[in-house]
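In: pasting the sequence and the predicted model now:
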Amino acid sequence: MRADTESKMTEIWYGRKSVPLWLRGLEPVYRFGQRLDQWWSHRRQPADLGPGLVIVVGNITVGGSGKTPLVIRLCRLFREAGLQAGVISRGYGRSEKQMRLVSPASDPSLVGDEPLLIAQQAGVPVIVSPDRCAAARALLAKGIRIIISDDGLQHYRLPRDIEICVIDGSRGFGNGHLLPAGPLREPLRRLESVDHIVINGEGSESLSRLDAAGLECVHMTLAGGLLRPLQGGQNWRLAQFGGCSVNAVAGIGNPQRFYDLLRQARIKVIEHSFPDHHAFSIEDFKDMADNLPILMTEKDAVKCRKLGLENAWFLSVEAQLPTEWEDALLSEVRRLLKQTGGRR
């Protein structure tokens, strides 16, 4: 989606602009197509993923919600518990379609920015493929039984044992309409069938619908870590930039979340927003304020290291969840690993 189109749709989906009639007219068409796809995908589910436990981490809205930091946290959680996991992903925005094993040194244009970030931060095997079932088989062939799908809640051809839906706490469900009139990929009643609902950050008014429906949720926070230089050098704490003016760069689903995190550290932010999964070039930085530091997200940094930017830093973040929820999830995973035939 082009930047200007994305901006206009965001204003409609999450702002106060009314939904044009032509978009409302397309909503029933999308609803019918989504139901047809779900029915057809269920009929095409493979039967050869039996030994694997599949955990899908996804959302029901368009745009970023915090799925990737949660996937990284789950990989670390399982590793700390002595369990080996692997990650499968479509690799959105990459330039090739064949299956590929992601390494920490992979080219982001070939594997995608989020899979590369997971490979670098989680230390687990990551496989990208347009066919998630084929990617899952490849992990099974490596002896990995816990398969985490980064996104794919609506990819119903992939069998799954646990579904985790991540919700952006600041944006919620927007205007509550299905695509293209709103940001919803599926109706809100879909939340009644997932196993876990994780809210990233503070809740918005629209999340009161979850309380009204009696749905249990757990809150996740993204804690800002160190600012790390793109080209090598000293790390800095976020607070050490307090009072400074910076060029803040964000090519993520909800850039405002990154800007707010910087402002909470008393940093004066000059916003530079780009479409999610933007392929950065040196031209993107030429019109920025001279002699000011460039701060960006870790996801964007994996694509900008090759640009040779000076005075540029990225902020590492870590997902934090209640210990009780993590312990319960570990117990659930261990129980399901002992069972067979329990897949939904």
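Out: On my side now, so go ahead.
In: quick one: residues contacting Y30.
Out: Residues in contact with Y30 (C-beta atoms under 8 Å, 6 or more residues apart in numbering) are 178-180. Bear in mind the C-beta positions are built from the backbone N, C-alpha and C, glycine included.
In: same check on S95?
Out: Going by C-beta under 8 Å, 6+ apart, S95 touches 109-110.
In: touching, R228 and N235? I think so.
Out: Yes - assessed by C-beta atoms under 8 Å, R228 is found in contact with N235 at 5.3 Å.
In: between the two, tell me which one has more neighbours.
Out: The neighbour count for R228 versus N235, taken as other C-beta atoms under 10 Å, is higher for R228 (16 against 12).
In: just the pLDDT at the more buried one, thanks.
Out: We have a pLDDT of 96 for R228.
In: three-state assignment of it?
Out: Of the three states, R228 takes strand under DSSP: H, G, I helix; E, B strand; the rest coil.
In: now the helices for the chain?
Out: Secondary structure of the chain, counting by DSSP state H: helices at 3-14, 21-43, 67-80, 108-111, 113-122, 132-141, 208-212, 255-264, 298-304, 323-338.
In: so which of the contacts of Y30 is the closest to P130?
Out: The nearest member of these to P130, counting by C-beta to C-beta, is L179 at 20.5 Å.
In: how near is the closest one to R132?
Out: Per C-beta to C-beta, to the nearest Å, L179 is found 21 Å from R132.
In: please apply the same query to D151.
Out: In terms of C-beta to C-beta, D151 sits 9 Å off from R132.
In: between the two, which contacts overlap?
Out: Common neighbours of D151 and R132 (C-beta under 8 Å, 6+ apart) are 89-90.
In: break the chain down into its domains, please.
Out: For the chain, automatic domain parsing gives the domain ranges 3-220+321-338, 224-319.
In: for the first one, the distance to its chain's centre please.
Out: Shown here is domain 3-220+321-338, whose average C-alpha point lies 7 Å from the average C-alpha point of the whole chain (C-alpha atoms, centre = their mean, to the nearest Å).
In: same check on the shortest one?
Out: Between the centre of domain 224-319 and the centre of its host chain there is 18 Å, according to C-alpha atoms, centre = their mean.
In: kindly check the end-to-end length of it for me.
Out: Distance between the two ends of domain 224-319: 9 Å, counting by C-alpha to C-alpha, to the nearest Å.
In: quick one: mean pLDDT over stretch 182-202.
Out: Stretch 182-202 shows a mean pLDDT of 95.
In: actually stretch 273-287, not the one I typed
Out: Rounded mean pLDDT across stretch 273-287 is 93.
In: list the contacts of it.
Out: Taking C-beta under 8 Å, 6+ apart as the rule, stretch 273-287 contacts 1-3, 6, 63-64, 92-93, 109, 112-114, 247, 249-253, 255, 272, 294, 300, 303-304, 307-309.
In: what do you get for stretch 234-244?
Out: 224-229, 262, 265-268, 293, 295, 313, 315.
In: how about a cut-off of 10 Å?
Out: 224-229, 261-262, 264-269, 292-293, 295, 313, 315-316 (C-beta atoms under 10 Å, 6 or more residues apart in numbering).
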